[in-house]
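[1] build me a model from this:
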Amino acid sequence: MDATDRQILDLLQQDATLSTAAIAEQVGLSPTPCWRRIQNLEKAGVLRGRVALLDRKQLDLNVDVFVEIKTDRHTPEWIETFTRAIDELDEVVECYRMSGEVDYLLRVAVGDIEAYDAFYKRLIERVEVANISSYFSMERMKYTTALPLQADDQSTEV
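    Predicted coordinates:
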């Protein structure tokens, strides 16, 4: 992957609806070589998909809740049950297995505290946990889906 590939990725991260011709113009290529680069990035798995970003306020999903989960069970069966539960609960928009005091960290998007309470009850019906701690975000200060791209010109194979 070279600097031009990074430019293409950066443009697509900002606006996935850009045409190949528009991207090509901005990176200094003609459309066909630009299209080939995008195809190669997709084949290599660097470009995994293109999505629409929704306005959460218009969807009445104004509250982010960070949920710490501790478990006393670390069996493959428990992990499978937990994974299935969070996959089935649409409010879970991110989930991480952690090191340290907390086993899992979730980011849950809900409309209000009552909606979180309903989510909480559905979660504990599906999976046994030792402890859950919830933290309500007061303000989202930074949010992006764009990943940082290397600024140097070192090429990596794609």
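
[2] am I right that Phe119 is in a strand?
    No - with DSSP: H, G, I helix; E, B strand; the rest coil as the criterion, Phe119 is located in helix rather than a strand.

[3] surely it and Val110 touch.
    Yes - applying CB atoms under 8 Å as the test, Phe119 and Val110 come out as touching, 6.1 Å apart. Glycine gets a C-beta too; all of them are placed from N, C-alpha and C.

[4] partners of the residue nearest to the spatial centre of the chain in the sheet?
    Residue closest to the mean C-alpha point of the chain, counted by CA atoms, centre = their mean, is Glu94 at 6.3 Å. Here Glu94 sits in beta bridges with Arg107, going by DSSP bridges.

[5] hmm, back to that, now the common contact residues for Phe119 and Val110.
    Each of Glu91 lies in contact with both Phe119 and Val110 under the rule CB atoms under 8 Å, 6 or more residues apart in numbering.

[6] gap between the residue nearest to Glu101 when sequence neighbours are not counted and Ile23?
    Excluding the flanking residues, the one nearest Glu101 by CB to CB, 6 or more residues apart in numbering is Lys70, at 7.5 Å. Taking CB to CB, to the nearest Å as the measure, Lys70 falls 46 Å from Ile23.

[7] the two - which one has more neighbours?
    Ile23 (20 against 14; other CB atoms under 10 Å).

[8] so that one makes contact with Leu12?
    Yes - using CB under 8 Å as the test, Ile23 is close enough to Leu12 to be in contact (7.3 Å).

[9] give the residues shared as contacts by those two.
    Contacts common to Ile23 and Leu12, judged by CB under 8 Å, 6+ apart, are Ile38.

[10] find the residue closest to Leu106 in space, skipping its chain neighbours.
    Val67 (4.2 Å).
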